[in-house]
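>>> prediction below, plus the sequence it came from.
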Amino acid sequence: MKNWIEQDEDHSSADILKDQLGLSKIVASLMIKRGVQDPVIADQFLTPKLKHLQDPFLIQNMEAAVNRIFVAREKKHQVLIVGDYDVDGISSTVMTKQGLKSLDIHADTIIPQRITEGYGLTKKVLQRGLQGMDYSLVIALDCGTNSVEEARYLSEQGIDLLVVDHHQLKSGNPPLAILVNPHLQEDHGQPWRNLCTTGLCFKLIHALYKKARELDLPDADQLTPRDFLPLCAIGTLADLVPLQGESRIFSHFGIKRLFHDASPGLRALLKECGMNESMEPETEDITYKLAPRINACGRLNEPETAVALLLESDEKDCKKLATRLTELNEQRKGIEAELTADALAQAEKYFADQPAVVVTGSGDGWHPGVVGIVAGKLANSLNKPCLVLAKSEDEYTGSGRGIPGLNLVEILSHCQDYLTHWGGHPIAVGLGLKESELEAFTKKFTECTNRLFSPTTERPTLLIDAVVEPQELNYKLLADINSLGPFGQDNPEPVIAVKGIMLETPPRKISKGKHFQFSFHNGFDFIRGIAWRMGKNIPPHGQSIDLAFKLRRNYWNGRSSLQLVLEDWKTTCG
Ligand SMILES: [Mn+2]
């Protein structure tokens, strides 16, 4: 049982907001609890509008990027797009190719093969991409910010480079390129500051269309960046950027109209994920179902299959490609399960008393494409930072995942003498090192973790956002809660509690006892719930208990019903 923390109600502020904006009690209360008192800010959050997007030309170098692309249009230059192999990179590639096509600019696309060509804008991927064509412009998406050498390599051949990326600049030494990256600018809380690359590609397309209208190009008034919202939302949700500012606007509209505005390829993929027009997609549909299928392509060295699917218009081919994505995802799951078992055994054997874990392996089972997921699973279950490194030849490469309150980038910066390459975000990093440095690196990494973080032995806490009466559990409450969605990074889904309810029948175990289902009557209806991975912690029936859960809509056999997704339960006290 977790330590439940109920946030204090500030009734008077909530009442003011409620009256000012005509909100329901719970929505006003949730906004106040999230620190939003200003009715203008609350209204912008609850009813995002595309017209609130700022002028794309406020982003540094956007003008230069747009001008360079229009030169390519006028002179009929050949353009090559190089995108990263994850969801953000792949979606960005498809968006940009289609955006350019709508302006009569043809671009070829290439995605690095993770295992043979490595991450990002490498010489290897450029050599493959540039082969046999006379390109004059390369557009790097979701990579390239730190590709100083590769930019020089291109410039030596008279090829210009445009980088659209949101990764941090590692040194004060930007590549010779037109660099569209919000992190180049000082942080003044700009609403586009934390966009991922699909968000930046949306801004680029918006800027291109503005320019097209300015130049009075034929049919320019028919062009709308709205068409790109579904892919923009998918990249935004999958890349785990904070869902604030313009990321909130993109994810809100993109997910709302996901099916409606989807291309035939995306539509086939959504169907492959078990979704259809009548469902309201949630963040988890993207992060648990759609994104893993796209990522599986990159992980298993077939990234271009995902690009091909998202660009395809023939329905039969879409179906075939979408099925292939599911196959790759199943293959990925198998590899991942074996690797996780191996990594966990190592962690328990060698790192049980350590503040951090560094596990290694080699061979087919240690697939570089899944080490990141395994690191995440390990970090979650062991509650300490974990690095999972796969060996090939005399070098280890892999991924690390951290835990809240610890900055992995900071830790690695102290260990950089041992590393051949490294980079990433505070909670997720990639790194590589020579075999000969492994021991010294592991020691240093563990030391730094120890110094910068002290794990807590206290009971984990569960923040309760609202306590409601059992009879309030209905679709109205669900709609109210969902008006704060889509949920994700920096906009967590509210955890709701009901107190003093009684299960009339024992919960029903499912999946060999791993999960359980339960139900109770709230005076109007039977309310059903599910508890994932809680099979060892089943609540009693016939006894008063409190439940903490997320409220969802469950789709089953073409019907939808209200569903509680249990977070925790406890015996009612007093
Ligand atoms: Mn990204």
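Everything's here; your move.
>>> from the stretch 1-150 of the chain, which residue is nearest to the ion?
D88 (3.4 Å; C-beta to the ion). Any C-beta I mention is one placed from the backbone N, CA and C, and that applies to glycine too.
>>> so what does the strand or helix carrying R293 touch, helix or strand wise?
Here R293, judged by DSSP states H and E, is contained in helix 291-299. When contacts are defined as 3 or more C-beta pairs under 8 Å, 6 or more residues apart in numbering; DSSP states H and E, helix 291-299 packs onto helix 87-101, helix 229-238, helix 264-272, helix 303-311, helix 315-350.
>>> gap between the first one and the chain center?
Pointing back at helix 87-101 there. Centre-to-centre, helix 87-101 and its host chain are 17 Å apart (C-alpha atoms, centre = their mean, to the nearest Å).
>>> what about the following helix or strand past that helix, average pLDDT?
Sequence order places strand 107-110 as the next helix or strand after helix 87-101, per DSSP H and E. Here strand 107-110 scores 97 as its mean pLDDT.
>>> for strand 107-110, which outside residues touch it?
Outside of strand 107-110, the residues within contact range by C-beta atoms under 8 Å, 6 or more residues apart in numbering are 78-83, 93-94, 96-97, 100-101, 125, 128-129, 133, 135, 139, 304, 307.
>>> now stretch 241-248
So stretch 241-248 is contacted by 45, 48, 53-54, 166, 190-196, 199, 236-237, 251, 486-491 (C-beta under 8 Å, 6+ apart).
>>> can I get the buried part of those as one PyMOL selection?
This is how PyMOL selects the buried members of the contacts of stretch 241-248, with burial counted by 16 or more other C-beta atoms under 10 Å:
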select buried, resi 45+48+53+166+190+191+192+193+194+195+196+199+236+237+251+486+487+488+489+491
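>>> now, the contacts of stretch 241-248 that are in helices?
Of the contacts of stretch 241-248, the ones assigned to helices by DSSP state H are 45, 199, 236-237, 251.
>>> tell me the most buried of the helices and strands packed on helix 291-299?
With neighbours defined as mean count of other C-beta atoms under 10 Å, those peak in mean count at helix 229-238, which reaches a mean of 30.
>>> interface residues of this protein facing the ion?
Contact residues (C-beta under 5 Å from the ion) of the chain with the ion: 88, 142, 196-197, 239.
>>> backbone dihedrals for whatever residue of the stretch 201-350 of the chain ends up closest to the ion, please?
Across the stretch 201-350 of the chain, no residue is closer to the ion than D239, which sits at 4.4 Å (C-beta to the ion). In terms of degrees, to the nearest 10, the main-chain angles of D239 are phi -90, psi 0.
>>> pretty sure it sits against D84.
No. In this structure D239 lies outside contact range of D84 using C-beta atoms under 8 Å: 10.1 Å.
>>> need the overlap of contacts for those two.
Here D239 and D84 share the contacting residues T197, scored by C-beta under 8 Å, 6+ apart.
>>> which residues touch stretch 66-73?
Outside of stretch 66-73, the residues within contact range by C-beta under 8 Å, 6+ apart are 57, 77, 79, 100, 103-105, 136-137, 160, 162, 178, 204, 207-208, 211, 215.
>>> so where's the stretch 451-574 of the chain shaky on pLDDT?
Along the stretch 451-574 of the chain, the model assigns pLDDT under 70 to residues 454-458, 574.
>>> 80 instead, please
Where the stretch 451-574 of the chain drops to pLDDT under 80, the residues are 453-460, 574.
>>> same question for the chain.
Residues of the chain that meet the criterion pLDDT under 80 lie in 171, 364-365, 368-369, 424-425, 453-460, 574.
>>> domain ranges for it?
Taking automatic domain parsing as the domain assignment, the ranges for the chain are 3-47+461-571, 56-224, 351-452.
>>> closest residue of the stretch 401-550 of the chain to the ion?
Nearest to the ion, among the residues of the stretch 401-550 of the chain, is H425, at 9.4 Å (C-beta to the ion).
>>> that residue: how many residues sit nearby?
16 (other C-beta atoms under 10 Å).
>>> that one against L412, yeah?
No. Look at H425 against L412 with C-beta under 8 Å: they stay out of range, at 11.2 Å.
>>> quick revisit: burial count for the residue of the stretch 201-350 of the chain closest to the ion?
D239: 26 neighbours (other C-beta under 10 Å).
>>> which residues touch it?
86-88, 196-198.
>>> swap in 6 Å and give it another go.
For D239, the contact set (C-beta atoms under 6 Å, 6 or more residues apart in numbering) comprises 88, 196.
>>> for it, give its distance to S392.
27 Å (C-beta to C-beta, to the nearest Å).
>>> which among the contacts of stretch 66-73 end up buried?
Buried among the contacts of stretch 66-73 by 16+ other C-beta under 10 Å: 57, 77, 79, 100, 103, 105, 136-137, 160, 162, 178, 204, 207-208, 211.
>>> how about the contacts made by H183?
Applying C-beta under 6 Å, 6+ apart to H183 gives the contacts Q168.
>>> for it, give me the backbone phi and psi.
Main-chain dihedrals, H183, degrees, to the nearest 10: phi -70, psi -10.
>>> try E150
phi -70, psi -30.
>>> now L463, what's its secondary structure?
Secondary structure, DSSP: H, G, I helix; E, B strand; the rest coil: L463 is strand.
>>> ignore what I typed, I meant V358.
Classification of V358 using three-state DSSP returns strand.
>>> now, the most widely separated pair of the buried ones among the contacts of stretch 66-73?
F57 and S136 (23.9 Å; C-beta to C-beta).
>>> just to revisit the earlier point, the helix holding R293 to helix 264-272, inter-axis angle?
120 degrees (axes from the mean of the first three to the mean of the last three C-alpha atoms, to 10 degrees).
>>> who's in contact with helix 291-299?
Here helix 291-299 makes contact (C-beta under 6 Å, 6+ apart) with 85-87, 90, 114, 238, 303, 305-306, 325, 328-329, 332, 369-370.
>>> enumerate every residue touching G361.
G361 touches nothing, counting by C-beta under 6 Å, 6+ apart.
>>> again, 8 Å this time
If you count contacts by C-beta under 8 Å, 6+ apart, then G361 has 339, 342-343, 346, 389-391 around it.
>>> so how far is stretch 80-95 off the chain centroid?
With C-alpha atoms, centre = their mean, you get 14 Å for stretch 80-95.
>>> fine, thanks again, bye for now.
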